[in-house]
Each structure stands twice: as C-alpha cells, then as structure tokens.
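**Q** give me a 3D structure for the following:
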Amino acid sequence: MLEESGFINGTDLVFTDISSEDFRVYEFEAMNLVRIEKPLRLHVSASGGHRIFDAQGFSHYIPSGWRRLMWKAKPGQPNFVK
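**A** Numbering: from 1, shown residues only. Reported below is the predicted structural model:
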C-alpha cells in the first residue's frame, strides 16, 4: 500500500500512525540515545522491537532492551496515540 508519505508495507504487519510525534528518543544503557525525527508509522513486534518509518523515508529497527522511550507531540496533537 503506497501512501502520501511514500510508505509501502510489503508485509502483513500492522503499523500504527504516530505522525503526531515531532520526534522520539530511545535511551539505552550508559545514556546511549537514538533519536528519530518526524516518525510516521510504528509496528511493535512480539519481542518488543520497534519498526519505525520516518518522514524522510528511512526505516528504523530498534531492538527491545531500552531503558526509556520519550517523545514530543507536535503542537496541538495528542500526547498518546496508542
């Protein structure tokens, strides 16, 4: 399925719309941070891994095991979507 964002899902995985987020940051041990700007779609696997598609067309896989996940909603958007 092709969407305006360029997202094509060639799997049977269900992705949640998280386009209300401006960015999200995953914090691992020793303050190692992974920041994703303008995330659009998210799938959480049974193992806890996150598949994320962003507005620049990049696909990210974040394995489970982070200490903290934080994000900032865009102005006027919901802080939690799922």
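
**Q** all helices of the protein, in order?
**A** Using DSSP state H, no helices are found in the chain.

**Q** centroid-nearest residue for it?
**A** In the chain, the centroid-proximal residue (Cα atoms, centre = their mean) is I52; its distance is 3.9 Å.

**Q** residues contacting it?
**A** Residues in contact with I52, defined by Cβ atoms under 8 Å, 6 or more residues apart in numbering, are I18, R24, I36, P39, R41, L42, S59, H60, Y61, I62. (Each C-beta comes from the backbone N, C-alpha and C, glycine too.)

**Q** give the bridge partners for the fourth one, please.
**A** Using DSSP bridges, the bridge partners assigned to P39 are D54.

**Q** and the gap between it and Y26?
**A** Plainly put, P39 is 11 Å away from Y26 if you go by Cβ to Cβ, to the nearest Å.

**Q** quick one: low-confidence parts of this protein?
**A** Applying pLDDT under 70 to the chain flags the ranges 1-4.

**Q** quick check: the residue of the chain most remote from its centre vs H50, distance?
**A** Distance to the chain centre peaks in the chain at A30, reaching 21.8 Å (criterion: Cα atoms, centre = their mean). Using Cβ to Cβ, A30 is found at 20 Å from H50.

**Q** over to F58?
**A** The value you get for F58 to H50, if Cβ to Cβ is used, is 13 Å.

**Q** and the two? Which one has more around it.
**A** Neighbours were counted for F58 and for H50 using other Cβ atoms under 10 Å; H50 has more, 19 against 12.
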